[in-house]
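Colleague: Next one to model:
(one chain, ligands or ions: 1)
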Amino acid sequence: MTPEDLPRLLDEALTAIQQADSLDDLEQLRIRFLGRKGKLPEIMAALKLAPPDQKRAFGQGANQYKQGVTQALEEAKQSCESSSSPANALDVTLPGFSPPQGGNHPIRQIMIRISQIFDRIGFTVATGPDIETVFNNFDALNTPADHPSRDEQDTFYLEDGRLLRTQTSPIQIRYMQENPPPVRIIAPGRAYRRDTPDATHSATFHQVEGLYVAEKVSMADLKGDLTYFAREILGPGVKTRFRPHFFPFTEPSVEVDFTCHVCKGKGCRVCKNSGWIEIAGAGMVDPDVFRSVGYDPDAVTGYAFGMGLERIAMILLEIDDIRRLYDNDLRFLRQFA
Ligand code: PHE
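Modeller: Numbers count the residues shown, from 1 in each chain. Okay, the predicted model is just below:
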């Protein structure tokens, strides 16, 4: 044996130690590499016999071997012990980690609530696409070409001449084109207008449209059903008020107010001291709308209403800025999950 053999012997020992995977194996290796009948005494014997000019290098190599093997054994022993200790063993009876649970966005929660309220009086849910034709969004709804809402300042037009619907009312057009009367639907969905965002405006928002068409539907039905809705969504004490208004697709038209949920009608900051909150636009379906979808205005009458979901969500959930509904800040959304 020469000093040059020692690094190879050390290498062999280290490789064997690395591959060992139990304390028993490691003990066997300790005996083989460091024990009284193992490699180390052999090396020491060779050192004794070495010629004087090799003694120094031999001694250093032997030391490195002994230290290297001792240290590697020690480390391997420790890692073997820690991974087999009961504290670190896998406990299969522990509950698993569950991924975070999602929840419905406040707007969808309100949408579901409103759908349920109208479901109880026989309304089904209808939907339509966000991209609409000018016909469905305006013409069929009796909105003339010179009406200000058709202006490019107010409406997002696409290059192909279609538009992002400015209201959910085109859904009633689609539904009536495809279904004969009677009709009793609500149509929730997203609408778009060129509005500058602020605390109460957003260029995209949600509406629910309602449409009831049958023989002899009257304004009394509209008032009764919306009053029922007001009490279901805000509580039994709520009163409703119907103010004359104008919409191209209804005649007569009204705006519908509910008593302020905060001051119960007494007047406060939220209702600007009026005691009322404006909730919906509504009216009796204009005969021209019936004609545009092929219904006979002499055979049926109907009412329609439309309201903003954000407004209702903000009232019910006490949200002070509409933009919070679109930021997708989980700290905000989790409050309503
Ligand atoms: N579409 C109207 C709006 O967006 C609301 C409305 C719907 C009014 C149905 C009357 C009837 O303002």
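
Colleague: From now on I want contacts and neighbour counts done on CA atoms only, so please keep to that.
Modeller: Fine.

Colleague: And for Asp221, the neighbour number?
Modeller: 14 (other CA atoms under 10 Å).

Colleague: Any residue of the helix or strand containing it touching the ligand?
Modeller: Secondary structure from DSSP states H and E places Asp221 in helix 219-234. No. Counting by CA under 6 Å from any ligand atom, the ligand has no neighbours in helix 219-234; the shortest distance is 10.7 Å.

Colleague: Which neighbours in the sheet does the next helix or strand after that helix have, and how are they oriented?
Modeller: Remark: after helix 219-234, the chain's next helix or strand is strand 240-247, criterion DSSP H and E. Applying DSSP bridges, strand 240-247 is found paired with strand 250-259 (antiparallel).

Colleague: Residues contacting the partner strand, please?
Modeller: The contact list for strand 250-259, computed with CA atoms under 8 Å, 6 or more residues apart in numbering, reads 230, 238-247, 265, 275-286, 303-304.

Colleague: Check which helices and strands the top helix by length along the chain sits against.
Modeller: As assigned by DSSP state H, the longest helix anywhere in the chain is helix 52-84. On a contact count with 3 or more CA pairs under 8 Å, 6 or more residues apart in numbering; DSSP states H and E, helix 52-84 meets helix 5-19, helix 23-34, helix 39-49.

Colleague: near the ligand, which residues of the protein show up?
Modeller: Counting by CA under 6 Å from any ligand atom, the chain sits next to the ligand at 167, 169, 209, 247, 281-283, 304-306.

Colleague: Low-confidence stretches in this structure?
Modeller: Residue ranges of the chain with pLDDT under 70: 84-88.

Colleague: Spell out which residues make up each domain of it.
Modeller: 3-83, 106-336 (automatic domain parsing).

Colleague: Run the chain-centre distance for the first one.
Modeller: When you say that, I think you mean domain 3-83. Relative to the centre of its chain, domain 3-83 is centred 61 Å away, using CA atoms, centre = their mean, to the nearest Å.

Colleague: Need the helices and strands packed on helix 52-84 in CSV (columns: mean neighbour count).
Modeller: CSV is the format used below for the helices and strands packed on helix 52-84 (neighbours: other CA atoms under 10 Å):
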stretch, mean neighbour count
helix 5-19, 15
helix 23-34, 17
helix 39-49, 16
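
Colleague: circling back to that earlier point, so which of the residues of the chain next to the ligand wins on neighbours?
Modeller: That'd be Ala282 among the residues of the chain next to the ligand, by other CA under 10 Å, with 31 neighbours.

Colleague: Could you give the bridge partners of it?
Modeller: Counting by DSSP bridges, the residues bridging with Ala282 are Val254, Phe305.

Colleague: Would you agree it is in contact with Gly302?
Modeller: No. Using CA atoms under 8 Å, Ala282 makes no contact with Gly302, being 10.9 Å away.

Colleague: can you put the helices and strands packed on helix 52-84 in a markdown table and add distance to Ala203?
Modeller: Supplementary listing: those in a markdown table, determined by distance: least, CA to CA, whole Å:
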| stretch | distance to Ala203 |
| --- | --- |
| helix 5-19 | 65 |
| helix 23-34 | 70 |
| helix 39-49 | 83 |
